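K.L.:
below is the sequence, then the predicted model.
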Amino acid sequence: MDNISIRRFGPEDRDWLVREHRDHYARAEGFDEGFGVLVAGIIDDYLADHDPECEAGWIACQGDKRLGSIFCVKLDNETAKLRLFLLTEDARGQGLGKQLLSTCMGFAKSCGFKSMTLWTHESHRAAGALYAKTGWSLISSKPVKSFGQDLVEQHWQITL
């Protein structure tokens, strides 16, 4: 993909990001409306009360077209949490996910975090492969019923 930029997330990206997450996971995995509500809550909490010194979100763009997102939020003084990592369907498989992940992890490290963690589902196989390839470790996995589906919840971690 040509002319890709990664810029900071802003309030004007909120509705697009909620819609993109909600619609993608409803279509791809049959998630119910609870997933969109969760994403909206995460973003609204971030907009209302994030610490710009150690928390940030990014949007990948090609011109005016948004292609993906990733967020770094503080879990505790030593641990950052990766959130809202998403690529649109047409942006996948071209290395943009790796760029976003690198941006997020580099930011976390520069803020002094010692490690990062994330929560996802086993069905997100491409993301899991990227995490494993970039040094993340799967630390737990368990069956759950979430968003109207039987899923396997995963927690990953990396030392920065």
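P.N.:
Structure received.
K.L.:
all contacts plus neighbour counts: C-alpha atoms, from now on.
P.N.:
Noted.
K.L.:
so R14 sits against D45, correct?
P.N.:
No - R14 is beyond contact range of D45, at 11.4 Å (criterion: Cα atoms under 8 Å).
K.L.:
who has more neighbours, these two?
P.N.:
R14 (16 against 11; other Cα atoms under 10 Å).
K.L.:
the more buried one in helix, strand or coil?
P.N.:
helix (DSSP: H, G, I helix; E, B strand; the rest coil).
K.L.:
quick one: it and L118, what's the gap?
P.N.:
Going from R14 to L118 by Cα to Cα, to the nearest Å gives 21 Å.
K.L.:
try G68
P.N.:
17 Å.
K.L.:
quick one, which of these two is more surrounded?
P.N.:
G68 (24 against 19).
K.L.:
which residues does the more buried one contact?
P.N.:
I59, A60, C61, F85, L86, L87, T88, A91 (Cα atoms under 8 Å, 6 or more residues apart in numbering).
K.L.:
looking at the residues you listed, which has the most residues close by?
P.N.:
Busiest of the contacts of G68 [other Cα under 10 Å] is A60, holding 26 neighbours.
K.L.:
so how far is L118 from that residue?
P.N.:
With Cα to Cα as the criterion, A60 and L118 are 20 Å apart.
K.L.:
give the buried residues for the one helix or strand H24 maps to.
P.N.:
Following DSSP states H and E, the helix or strand that holds H24 is helix 14-29. Within helix 14-29, the residues that count as buried by 16 or more other Cα atoms under 10 Å are R14, L17, V18, E20, H21, R22, D23, H24, Y25, A26.
K.L.:
skipping adjacent residues, who's closest to P143 in space?
P.N.:
Distances taken as Cα to Cα, 6 or more residues apart in numbering place V152 nearest to P143, at 4.3 Å, with adjacent residues excluded.
K.L.:
count the neighbours of that neighbour for me.
P.N.:
By other Cα under 10 Å, the residues close to V152 number 15.
K.L.:
show me what contacts it?
P.N.:
Contacts of V152 by Cα under 8 Å, 6+ apart are H121, E122, S123, S141, K142, P143, V144.
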